[in-house]
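> Sequence and predicted model, in that order:
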Amino acid sequence: MSYPYDDQNIFAKILRGEIPSTPLMETEHTLAFSDIAPQAPHHVLVIPKGSYATYDHFALEASEAEIVDFTRVVGRIAAELGVQPGQGGTGFRLISNAGPDAIQEVPHMHVHLIAGRPLGRILPE
Ligand code: 5GP
């Protein structure tokens with residue numbers, strides 16, 4: 001299976017340092033930074049450094065090292081923000097939009113980690 005990837009997307013430019021961001025955590029394979037238009041007190045974008053367009057692209061074609069690294073960064077960000085349920089936090093939501101039905105705006109795989117207020121139900125009723 002061959003996935004298209006447009007290396008002119010905004011997150012690719014952030015990874016190349018062509019556009020500034022507010023990095024919160026960086027590892028060998030992963031970068032986490034603040035969303036430019038936060039939807040809640042905490043709104044972090046976690047992206048792989050590799051050229052993956054969507055979550056399924058990443059999940060199917062990334063190496064185990066990349067997937068483990070990405071997943072650990074999500075956990076470490078939740079811990080740093082103090083939002084872990086059962087650890088004194090009040091929770092968070094992960095969202096990964098993929099493709100037109102989900103209105104994915106930036107075609108580089110990313111997960112939104114959103115927290116810091118009650119978030120309502122997952123989809124509009
Ligand atoms: P999507 O709809 O693709 O899941 O979400 C893309 C997200 O990227 C949006 O929440 C938007 O606010 C964020 N975003 C778009 N451009 C930039 C940018 O230049 N810098 C940062 N930090 N976030 C951006």
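Great, that's in hand.

> Could you pull up the mean pLDDT of stretch 20-28?
The average pLDDT within stretch 20-28 is 97.

> Quick check: buried residues in it?
Under the neighbour-count criterion of 16 or more other CB atoms under 10 Å, stretch 20-28 has 21, 24, 25 buried. From N, CA and C alone the C-beta is placed, and that goes for glycine too.

> if we look at it, which residues are touching it?
14, 31-34, 44, 49, 65, 69, 72-73, 76-77, 80 (CB atoms under 8 Å, 6 or more residues apart in numbering).

> Next: stretch 7-17.
6, 19-21, 31, 33, 45, 47, 49, 51, 106-108, 110.

> Helix or strand: which one has residue 107?
In this structure, residue 107 sits in neither a helix nor a strand according to DSSP states H and E.

> Run me through the strand neighbours of the lengthiest strand in the chain, direction for each.
Counting residues, the longest strand found in the chain (DSSP state E) is strand 42-48. Strand 42-48 has its sheet partners listed here by DSSP bridges as strand 30-34 (antiparallel), strand 111-115 (antiparallel).

> could you dump those to TSV with mean neighbour count and distance to the ligand?
Converted to TSV, the strands paired with strand 42-48 look like this (neighbours: other CB atoms under 10 Å; distance: least, CB to the nearest ligand atom, whole Å):
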stretch	mean neighbour count	distance to the ligand
strand 30-34	20	5
strand 111-115	21	6
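
> Now intersect the buried residues of stretch 20-28 with the strands, please.
Using DSSP E, the buried residues of stretch 20-28 in strands are 24, 25.
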